[in-house]
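Visitor: After the sequence you'll find the predicted model.
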Amino acid sequence: MKVSEKLRQAIASGEPFFSLEFFPPKTEQGLANLYERIERMARLGPLFAAVTWGAGGSTAQRTLELCSACQGVFGLETVMHLTCTNMDQAMVDEALEGAKEAGIQNILALRGDRPRNQEYQIGANGFAHAADLVRYIREKYGDYFCLGVAGYPEGHMESDDKDLDFEYFKEKVKAGADFVISQLVFDHELFTAWEAKCREHGIDIPIVPGILPVQSYQSFRRLAFLTKVHVPVELQEQLEAAKANDQAVKDIGAAHAVEAVRALRAAGACGVHLTTLNLENSVRRVLQQSGLAGERGTPAPAVAAQKREWDDF
Ligand code: FAD
């Protein structure tokens, strides 16, 4: 099912929802550990799962494998991220055909960042920006895929002209996007103001705020540096003071995420997209404390049976 339809239904019903983002682990053991976590987290009832794509196709096989498992084994509607910079058309087509074969109908269409030690390569296919990928998928696959795009409440980090950046964002949506997932939000007021601006400019597709429960000081620093998002001073100071104590960092991260989810919901957002970093405890804590999820029993028998087949395979 298309994620945009699920989002519209959830928004119309006013039922709070959440989605979970995973990245493909590098090792078999890492993947096995992640499958165990996903099986448990699936019982919390996410609206959908999303799986990241490595720059230039570096994780193509692993992303597809994890997407297939989320969709086919764990029964989660799955969004496959797909970046287009430094990818030729054949690679993009292979990824989309693989998604189709795995029963995946949802793609988050992205430009992506430059792969490590490479320059941006546009290539003959002309995939310079995410809008080019959206247009290409629409032209070649019609309405088969439901397409999401990334939105940046504070503007994209490479752009010096925030108005122009917003115009490009509007173009990307107009090219055929069905939903938006935002950049990580640490300051909920910035998200709420940007969402209102999107609506004023006629963007009427679902927009889901991205939330990261901080789980380690190092990963927080790296993500804050890469995304250049505004982190409230109070949160920065708390994390800085606790940086030698992993559990204290997790506690602060979860408490801040709970507060952000509550504030976003109070401002009208029905749900959030959680970056899990493939970990379970903080995410579960945030979902339960913010009232977005409770345990919803064991997986459906069909899912459990499929899982056994997968294990045998
Ligand atoms: P675009 O929308 O193409 O924008 C990129 C830049 O180009 C912006 O500065 C914009 O202003 C500018 N621009 C756009 N159109 C034009 C134009 N016509 N002319 C000139 N300039 C233009 N990265 C990964 O590698 N893998 C992932 O799985 C992944 N998942 C993500 C999920 C989310 C929710 C988000 C927010 C980001 C994700 N990223 C991922 C990071 C993303 O790839 C980077 O932020 C990247 O730098 C921009 O991608 P984009 O699709 O937003 O680019």
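Guide: On my side now, so go ahead.

Visitor: What helices and strands are in contact with the top helix by length along the chain?
Guide: In the chain, taking DSSP state H as the definition, the longest helix is helix 246-266. Using 3 or more CB pairs under 8 Å, 6 or more residues apart in numbering; DSSP states H and E, the elements in contact with helix 246-266 are helix 188-200, strand 207-211, helix 217-227, helix 233-242, strand 271-275, helix 281-289. The C-beta positions use only the backbone N, C-alpha and C, and glycine is treated the same way.

Visitor: out of those, nearest to Val79?
Guide: Taking CB to CB as the criterion, Val79 comes closest to strand 271-275 out of these, the separation being 9.5 Å.

Visitor: Give the other helices and strands that that closest one contacts.
Guide: When contacts are defined as 3+ CB pairs under 8 Å, 6+ apart, strand 271-275 sits against strand 17-22, strand 179-184, strand 207-211, helix 246-266, helix 281-289.

Visitor: those helices in the stretch 51-200 of the chain, which residues are they?
Guide: 60-68, 89-101, 130-141, 162-174, 188-200 (DSSP state H, counting those that start in this stretch).

Visitor: Looking at the ones you listed, spot the one closest to Phe18.
Guide: helix 188-200 (15.3 Å).

Visitor: Can you point out the buried residues in the closest one?
Guide: Across helix 188-200, burial judged by 16 or more other CB atoms under 10 Å covers 188, 190-192, 194-195, 198.

Visitor: Now do it, average pLDDT.
Guide: Per-residue pLDDT values across helix 188-200 average out to 98.

Visitor: and that helix with helix 246-266, angle?
Guide: For helix 188-200 against helix 246-266, the angle by axes from the mean of the first three to the mean of the last three CA atoms, to 10 degrees is 30 degrees.

Visitor: Relative to the whole chain's centre, how far out is helix 188-200?
Guide: 19 Å (CA atoms, centre = their mean, to the nearest Å).

Visitor: Which other helices and strands does that helix contact?
Guide: In terms of contacts (3+ CB pairs under 8 Å, 6+ apart), helix 188-200 is packed against strand 179-184, strand 207-211, helix 246-266.

Visitor: Whether it contacts the ligand - can you check?
Guide: No. Figure legend: helix 188-200 not in contact with the ligand (CB under 6 Å from any ligand atom); closest approach 12.0 Å.

Visitor: what would the helices and strands packed on helix 188-200 look like in a markdown table with distance to the ligand, mean pLDDT and mean neighbour count?
Guide: Written out in a markdown table, the entries for the helices and strands packed on helix 188-200 read as follows (distance: least, CB to the nearest ligand atom, whole Å; pLDDT from 0 to 100; neighbours: other CB atoms under 10 Å):
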| stretch | distance to the ligand | mean pLDDT | mean neighbour count |
| --- | --- | --- | --- |
| strand 179-184 | 4 | 98 | 22 |
| strand 207-211 | 5 | 98 | 24 |
| helix 246-266 | 15 | 97 | 19 |
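
Visitor: do you know which of the helices and strands packed on helix 246-266 lies nearest Gly54?
Guide: With respect to Gly54, and counting by CB to CB, the nearest of the helices and strands packed on helix 246-266 is helix 217-227 at 14.4 Å.

Visitor: List the buried residues of the closest one.
Guide: Within helix 217-227, the residues that count as buried by 16+ other CB under 10 Å are 217, 219-220, 223-224, 227.

Visitor: can you give me the angle that helix makes with helix 233-242?
Guide: Using the same axes, to 10 degrees: helix 217-227 against helix 233-242 is 140 degrees.

Visitor: Which neighbouring elements make contact with helix 217-227?
Guide: The contact analysis (3+ CB pairs under 8 Å, 6+ apart) places helix 217-227 against strand 179-184, helix 233-242, helix 246-266.

Visitor: Can you lay out those as TSV showing distance to Asp161?
Guide: Written out in TSV, the entries for the helices and strands packed on helix 217-227 read as follows (distance: least, CB to CB, whole Å):
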stretch	distance to Asp161
strand 179-184	17
helix 233-242	27
helix 246-266	27
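
Visitor: Indicate which one of those is closest to Asn117.
Guide: With CB to CB as the yardstick, what comes closest out of those is strand 179-184 (24.7 Å).

Visitor: Grab the most central residue of this structure for me.
Guide: For the chain, the residue lying nearest the average C-alpha position, counting by CA atoms, centre = their mean, turns out to be Glu21 (4.9 Å).
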